[in-house]
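**Q** requesting a structural model of the entry that follows:
(one chain, ligands or ions: 2)
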Amino acid sequence: MRILSGIKPSGTLHIGNYLGMIKPMVESQKRGELFCFIANMHSQTTLFDSNKLYQNTVDALVDLLALGIDPDRSVFWVQSDVPEVAELTWYLNNVCPVGLLQRCHAYKDAVSRDIPANAGLFGYPVLMAADILMYQSNLVPVGKDQKQHVEVTRDIAIKFNQTYGEAFTLPDAEISDAVAVIPGIDGQKMSKSYDNVIDIFAPEKKLRKKVMAIVTDSTPVEEPKDPEKSVIYGIYRLFADETRAGEMASRMRTGGYGYGDAKKELFGLLWEYFSPQRKRREEILASMDYIDEVRKKGADKARSIGISTLEKVRRLTGTSR
Ligand code: ADP
Ligand code: TRP
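**A** Ligands and ions are numbered 1, 2, ... in the order given. Just a heads-up that it's a prediction; the model follows:
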């Protein structure tokens with residue numbers, strides 16, 4: 001089974017991204033053949049700062065390697081390093097009804113928020129379809145917001161197969177709502193847009209400061225507290241094993257245990273949890289040659305597989321024999 005995941009490089013990764021997306025992706029390397037790429041061309045529909053785009057892309061590459069993507073076992077590449085995907089997008093554009101794209105929520109949202117929509121943003125789902133179809137993917141794990149884009153991919157694939165003959169495997173979306181929404185330091189959903197995130201790789205001082213800034217109510221130290229209502233415990237239990245989580249919960253219920261103490265424990269746990277990955281990240285960052293090599297090998301591997309789909313499509317559509 002071929003599992004394909006695309007991640008837009010949008011700056012620093014937080015612990016919500018980790019539990020909601022990266023950890024399941026790293027684990028999926030055990031159940032199938034993972035194709036994982038950094039969707040920097042998709043970021044270009046809204047990001048126009050070239051230095052930022054370039055740096056975000058390298059950062060995403062390094063962070064994902066440090067967090068467990070294995071470039072020997074999986075196919076791991078940067079989208080624009082296989083520019084043939086843009087050629088496939090063109091063939092798909094020509095069988096994609098405009099109405100299909102006009103109905104896409106992501107595009108409609110942008111229009112309703114008066115964001116001047118460029119043709120790239122309008123065609124975003126077609127590039128995404130090319131990502132998925134080029135590698136004959138079976139399964140595409142995505143958040144709820146991307147489900148419609150995978151449906152559009154299927155519609156485009158069906159239309160192409162009917163028009164020209166069988167070229168594409170029809171992919172299925174895998175929606176994981178089993179994963180809890182991780183709260184941010186203000187208690188709302190953790191999200192870059194709410195400025196309430198805890199970064200995975202924040203330096204020690206900054207991480208401690210973030211954890212110490214988590215909202216609490218004003219229950220005094222001596223009094224019992226309800227762990228289920230505490231954001232500190234809400235995050236702690238997602239990273240601690242059952243025994244450790246149970247210990248914090250019972251200390252809160254007993255009283256004489258302050259929120260400050262709980263925050264210190266949470267900081268300690270997060271620092272310890274990501275310590276091997278942090279070490280790995282330092283090692284990777286120390287070797288630009290290694291990063292370049294992974295990037296090149298990944299693109300070569302992806303291209304060698306994607307090109308057979310593309311050659312078939314060229315023949316079927318009549319641009320080659
Ligand atoms: P942000 O909201 O910070 O902009 P993104 O929308 O870029 O994050 O999220 C990328 C992926 O990370 C999402 O598909 C989702 O699966 C996961 N994710 C983000 N925030 C959370 C969260 N608070 N809890 C669980 N998963 C999350
Ligand atoms: N659009 C996805 C997102 O915003 C990223 C993405 C691009 C993607 N191409 C993909 C996801 C192909 C899965 C498959 O999160």
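
**Q** hmm, residue 18 is touching residue 200, no?
**A** Yes. If you go by C-beta atoms under 8 Å, residue 18 and residue 200 touch, sitting 5.6 Å apart. For every residue, glycine as well, the C-beta is placed using N, CA and C.

**Q** and for these two, which residues touch both?
**A** Shared contacts of residue 18 and residue 200 (C-beta atoms under 8 Å, 6 or more residues apart in numbering): residue 67.

**Q** would residue 174 count as being in a strand?
**A** Yes. Judged by DSSP: H, G, I helix; E, B strand; the rest coil, residue 174 forms part of a strand.

**Q** what strand or helix carries the residue nearest to it when sequence neighbours are not counted?
**A** Spatial nearest neighbour of residue 174, chain neighbours left out: residue 141 (4.4 Å); criterion: C-beta to C-beta, 6 or more residues apart in numbering. Residue 141 belongs to strand 139-142 when assigned by DSSP states H and E.

**Q** for that strand, the distance to its chain's centre please.
**A** Distance of strand 139-142 from its chain centroid, counting by C-alpha atoms, centre = their mean, to the nearest Å, is 11 Å.

**Q** quick one: the residue of the chain found nearest ligand 1 from residue 217, how far?
**A** In the chain, the residue that lies nearest ligand 1 is residue 20 (2.0 Å; C-beta to the nearest ligand atom). Residue 20 sits 26 Å away from residue 217, going by C-beta to C-beta, to the nearest Å.

**Q** these two: who's more crowded?
**A** The neighbour count for residue 20 versus residue 217, taken as other C-beta atoms under 10 Å, is higher for residue 20 (17 against 9).

**Q** check the gap between the more buried one and residue 181 for me.
**A** For residue 20, the distance to residue 181 - C-beta to C-beta - is 8 Å.

**Q** this structure: strands as residue ranges?
**A** With DSSP state E applied, the chain shows strands at 2-7, 33-38, 75-78, 139-142, 172-175, listed in chain order.

**Q** just checking, what packs against the fourth one?
**A** Counting contacts by 3 or more C-beta pairs under 8 Å, 6 or more residues apart in numbering; DSSP states H and E, strand 139-142 is packed against strand 2-7, helix 147-164, strand 172-175.

**Q** pLDDT on it, on average?
**A** In this model, strand 139-142 carries a mean pLDDT of 93.

**Q** how about the third one?
**A** If you average the pLDDT over strand 75-78, you get 98.

**Q** show me what counts as buried in that strand.
**A** 75, 76, 77, 78 (16 or more other C-beta atoms under 10 Å).

**Q** do I have it right that the residue nearest to residue 174 meets residue 26?
**A** No. Counting by C-beta under 8 Å, residue 141 stays clear of residue 26, with 11.8 Å between them.

**Q** which parts of the stretch 151-300 of the chain sit against ligand 2?
**A** Taking C-beta under 6 Å from any ligand atom, no part of the stretch 151-300 of the chain reaches ligand 2.

**Q** now the helices for the stretch 151-300 of the chain?
**A** All helices of the stretch 151-300 of the chain, identified by DSSP state H, counting those that start in this stretch, fall at 204-212, 231-239, 242-254, 259-273, 275-285, 288-317.

**Q** for ligand 1, what are the nearby residues on this protein?
**A** Within the chain, the residues that sit near ligand 1 (C-beta under 6 Å from any ligand atom) are 10, 16-17, 19-21, 143, 179, 181-182, 189-193.

**Q** by pLDDT, give me the weakest of those.
**A** residue 179 (62).

**Q** worst-scoring helix or strand of this protein, pLDDT-wise?
**A** Across the helices and strands of the chain, mean pLDDT, DSSP states H and E gives its lowest value to helix 105-112, namely a mean of 87.

**Q** that one near ligand 2 at all?
**A** No. Counting by C-beta under 6 Å from any ligand atom, ligand 2 is not contacted by helix 105-112; separation bottoms out at 8.0 Å.

**Q** and residue 128, which of the strands of the chain is closest to it?
**A** Evaluated over the strands of the chain, closeness to residue 128 peaks at strand 2-7, with 7.2 Å, by C-beta to C-beta.

**Q** just checking, what packs against the closest one?
**A** Helices and strands touching strand 2-7, by 3+ C-beta pairs under 8 Å, 6+ apart, are strand 33-38, helix 124-134, strand 139-142.

**Q** any idea how far that strand is from the chain center?
**A** Taking mean C-alpha positions (C-alpha atoms, centre = their mean), strand 2-7 and its chain are 9 Å apart.

**Q** which residues touch stretch 68-84?
**A** By C-beta under 8 Å, 6+ apart, stretch 68-84 touches 6, 22, 25-26, 29, 33-42, 57, 61, 64-65, 85, 131, 134-135, 277, 294-299, 301-303, 305-307, 310.

**Q** filter the residues you listed to the buried ones?
**A** 6, 22, 25-26, 29, 33-42, 57, 61, 64-65, 85, 131, 134-135, 277, 294-295, 298-299, 301-303, 306, 310.

**Q** before we move on, back to that, and the helices and strands packed on strand 2-7, which one is worst for confidence?
**A** Ranked by mean pLDDT, the helices and strands packed on strand 2-7 bottom out at strand 139-142, which scores a mean of 93.
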